[in-house]
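K.L.:
no sequence for this one, just the structure:
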């Protein structure tokens, strides 16, 4: 028997919004794997076990949902319209991706981001939030903001960002991952992160058993966070003589830690190694907080005085243009990325080696994992 949430595949138009009441007629099917892609498990991870192909849809009512959710989605739609007014494509979609994780409208930029290993900048994930949080702390340090105030400021920023992005399960998870890293760093007890993360992962697994095995986003978030906590101190020693000019040293350490921690999984899941990813991330990540801040203020100001919002939008556009130029240049290098798929056992060997390395170094220093 078929059950669970039904995934309905429909045409792009006519458009439907949250709260619309629809009458749907179609044949229900059980999702099946597509070649090597476990499409059934991909949908099961989202609680979907039934697919509705070629449906007939008739709208029979409206405003039937939660008033609170209607308000959130209406506000999000209004923000999307302001973004379309302030920037042209693909930069409008780029800004929407930075602000609330929108993944459409990028066109060829999507492939360029994947080739250079920076897709995470337009996906609300722990990989994204933890790196942005690290960069925000660097900015606060450069501005001589006290650590306590900086911590409150960054946590508040993450909270606002999660709410603004819609507070979906993946966004909330990403926010939790980012805050865990910040809390551990502030308390100076990085050894306490692993148990907290294990409890968090266990709770997520209880809520959705498929998330641990089939949710690549969860896995990447989990591993990137562990990398920033446990690998970064050892990587930092390799760059002890490198000056921390404009926070680039911390950016390099954070980037290398997250990339190294997620590399075996990426090679196993996606089979692509971005050779230029570390360099590209270093070149663009420092600009992201400023672009997001300018984009946010441009949208806010557009509600108050559109010409002023347009001026700020041009500054944000300059930042996005810089990122696109860097990404495009590196993506067109012949060695930018290589196909390199590894079997599951090699992935396990990679992570066992990392754990052994960190454990050995921690024992030498007298720390605990």
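P.N.:
Perfect, thanks for sending it. None of these values were measured; they are calculated from a predicted model.
K.L.:
burial of residue 99, as a residue count?
P.N.:
Residue 99 has 22 neighbouring residues, counting by other CB atoms under 10 Å. Where C-beta positions appear, they are placed from N, C-alpha and C, glycine not excepted.
K.L.:
ok, it touching residue 165?
P.N.:
Yes: between residue 99 and residue 165 a contact is recorded at 7.4 Å, counting by CB atoms under 8 Å.
K.L.:
Let me know the secondary structure of residue 27.
P.N.:
In terms of secondary structure, residue 27 is strand; the call rests on DSSP: H, G, I helix; E, B strand; the rest coil.
K.L.:
Show me what it is bridged to.
P.N.:
In this structure, residue 27 bridges to residue 53 when assessed by DSSP bridges.
K.L.:
you'd agree it is up against residue 53?
P.N.:
Yes: A contact is recorded between residue 27 and residue 53 when judged using CB under 8 Å, the distance being 6.5 Å.
K.L.:
Make sure I have this right: residue 13 is in a strand.
P.N.:
No: going by three-state DSSP, the assignment for residue 13 is coil, not a strand.
K.L.:
what's the distance between it and residue 57?
P.N.:
According to CB to CB, to the nearest Å, residue 13 and residue 57 sit 11 Å apart.
K.L.:
neighbour-wise, which of these two wins?
P.N.:
Remark: of residue 13 and residue 57, residue 57 carries more neighbours, 16 against 6, as counted by other CB under 10 Å.
K.L.:
And the average pLDDT for the strand or helix carrying the more buried one is what?
P.N.:
Under DSSP states H and E, the secondary-structure element containing residue 57 is strand 48-61. Here strand 48-61 scores 84 as its mean pLDDT.
K.L.:
quick one: contacts of it?
P.N.:
With contact meaning CB atoms under 8 Å, 6 or more residues apart in numbering, strand 48-61 is reached by 2-10, 14, 16, 20-31, 43.
K.L.:
what about 6 Å?
P.N.:
2, 4-8, 10, 20-26, 28-29, 31 (CB atoms under 6 Å, 6 or more residues apart in numbering).
K.L.:
list the helices and strands whichever helix or strand comes after it packs on?
P.N.:
Along the chain past strand 48-61, the next helix or strand (assigned with DSSP H and E) turns out to be helix 67-86. Helices and strands touching helix 67-86, as assessed by 3 or more CB pairs under 6 Å, 6 or more residues apart in numbering; DSSP states H and E, comprise helix 91-100, helix 288-304.
K.L.:
what do you get if the cut-off is 7 Å, keeping everything else the same?
P.N.:
In terms of contacts (3 or more CB pairs under 7 Å, 6 or more residues apart in numbering; DSSP states H and E), helix 67-86 is packed against helix 91-100, helix 288-304, helix 306-331.
K.L.:
so can I have TSV of those helices showing mean pLDDT and distance to residue 258?
P.N.:
Below are these laid out as TSV (pLDDT from 0 to 100; distance: least, CB to CB, whole Å):
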stretch	mean pLDDT	distance to residue 258
helix 91-100	87	18
helix 288-304	88	14
helix 306-331	94	18
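K.L.:
Need the winner for burial among the ones you listed.
P.N.:
Mean neighbour count (mean count of other CB atoms under 10 Å) peaks for helix 91-100 among the helices and strands packed on helix 67-86, with a mean of 23.
K.L.:
What are the buried residues along the helix or strand just after that one?
P.N.:
Note on helix 91-100: by DSSP H and E, the next helix or strand toward the C-terminus is helix 108-115. Residues 109, 110, 112, 113, 115 are the ones in helix 108-115 that count as buried (16 or more other CB atoms under 10 Å).
K.L.:
Give me the contacts around helix 108-115.
P.N.:
By CB atoms under 7 Å, 6 or more residues apart in numbering, the surrounding residues in contact with helix 108-115 are 90, 94, 119, 122, 274, 324, 327, 328, 331, 336, 337.
K.L.:
Would you check that the second one makes contact with residue 320?
P.N.:
Pointing back at residue 94 there. Yes: between residue 94 and residue 320 a contact is recorded at 5.4 Å, counting by CB atoms under 7 Å.
K.L.:
Could you tell me how far the residue of the chain most remote from its centre is located from residue 53?
P.N.:
Among the residues of the chain, the one whose C-alpha is farthest from the average of all C-alpha positions is residue 60, by CA atoms, centre = their mean at 36.7 Å. Using CB to CB, one gets 21 Å for the distance from residue 60 to residue 53.
K.L.:
got it, and residue 277?
P.N.:
Here the distance between residue 277 and residue 53 works out to 38 Å (CB to CB).
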